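Undergrad: generate coordinates for the sequence data below:
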Amino acid sequence: MSRTFPSPTDHATARAEVYLGYLDYFRSVLVSKLEDVPDEELRNSRLPSGWTPLELLKHLTYVERRWLMWGFEGSDVDDPWGDSRDGRWYVGSQQDREQFIAGLHAQSVRSRAIVERHDLSEVGQPGQRWDGAEPATLERVLLHLVQEYARHAGHLDVVRELIDGRVGE
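TA: Sure thing, here's the model as predicted:
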């Protein structure tokens with residue numbers, strides 16, 4: 001079950017809590033849309049672009065790792081592009097929904113800890129993530145992550161409707 005959409009009138013003690021609330025909401029939406037989807041539908045695409053729901057779930061976990069751990073904090077991250085192979089998203093045959101949901105949850109805990117350790121105006125560490133550009137502030141990274149999740153939740157709405165007729169908001 002997904003969380004309630006954060007309202008602009010909800011009380012928040014800090015702007016960081018607003019961003020974290022939206023990220024928590026969109027993660028819950030993604031998980032709820034995949035919970036009862038048959039495994040064969042998770043591994044097959046219904047779109048011309050060819051991505052699968054499992055690939056999308058894995059991708060979003062890696063997106064958080066890349067932007068917050070590898071990018072903003074400058075941490076060493078094994079295989080930061082491990083969600084891709086040959087220019088497209090990739091899921092191994094032994095990987096499954098439960099593994100990716102657990103990975104998303106674990107990443108959300110790490111992401112929250114990073115956000116709580118820093119001020120939104122702090123600039124990220126220089127490194128490969130920025131591809132030669134100046135590092136972004138934590139607030140810009142969080143805004144990017146919220147839009148990434150929102151966009152992909154919309155994509156998953158369409159795919160879920162094609163699978164079984166279930167519609168999103």
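
Undergrad: next, name the residue at the spatial heart of the protein.
TA: Closest to where the C-alpha atoms of the chain average out (C-alpha atoms, centre = their mean) is Leu60, at 3.1 Å.

Undergrad: who's in contact with it?
TA: By C-beta atoms under 8 Å, 6 or more residues apart in numbering, the residues touching Leu60 are 27, 30, 104, 148-149, 152. Glycine gets a C-beta too; all of them are placed from N, C-alpha and C.

Undergrad: measure it to Ser7 for me?
TA: Distance of Leu60 to Ser7, given as C-beta to C-beta, to the nearest Å: 23 Å.

Undergrad: before we move on, what about Arg160?
TA: 24 Å.

Undergrad: buried sites along the longest helix along the chain?
TA: In terms of residue count, the longest helix belonging to the chain (DSSP state H) is helix 138-164. Residues of helix 138-164 classed as buried: 138-142, 145-146, 148-149, 152-153, 156-157, 159-160, 163 (neighbour count, 16 or more other C-beta atoms under 10 Å).

Undergrad: packing partners of that helix?
TA: When contacts are defined as 3 or more C-beta pairs under 8 Å, 6 or more residues apart in numbering; DSSP states H and E, helix 138-164 packs onto helix 15-34, helix 53-64.

Undergrad: what's the burial count for Leu42?
TA: The tally of other residues near Leu42 (other C-beta atoms under 10 Å) stands at 19.

Undergrad: what's the answer for Gly165, then?
TA: Residues near Gly165, counting by other C-beta under 10 Å: 7.

Undergrad: which intervals of this protein have sub-threshold pLDDT?
TA: Low-confidence segments of the chain (pLDDT under 70): 1-2.

Undergrad: would you mind measuring from Arg66 to Thr9?
TA: From Arg66 to Thr9 the distance is 33 Å (C-beta to C-beta).

Undergrad: more neighbours, these two?
TA: Set Arg66 next to Thr9 and count neighbours by other C-beta under 10 Å: Arg66 wins out with 18 against 5.

Undergrad: nearest spatial neighbour of Pro53, skipping sequence neighbours?
TA: Distance criterion C-beta to C-beta, 6 or more residues apart in numbering; nearest residue to Pro53, sequence neighbours excluded, is Leu42 at 4.9 Å.

Undergrad: wait, the one you found touches Glu98, no?
TA: No: with contacts counted by C-beta atoms under 8 Å, Leu42 stays clear of Glu98, the gap being 11.0 Å.

Undergrad: and Gly124, what does it touch?
TA: Contact analysis of Gly124 by C-beta under 8 Å, 6+ apart lists 71-74, 130, 135-138, 141.
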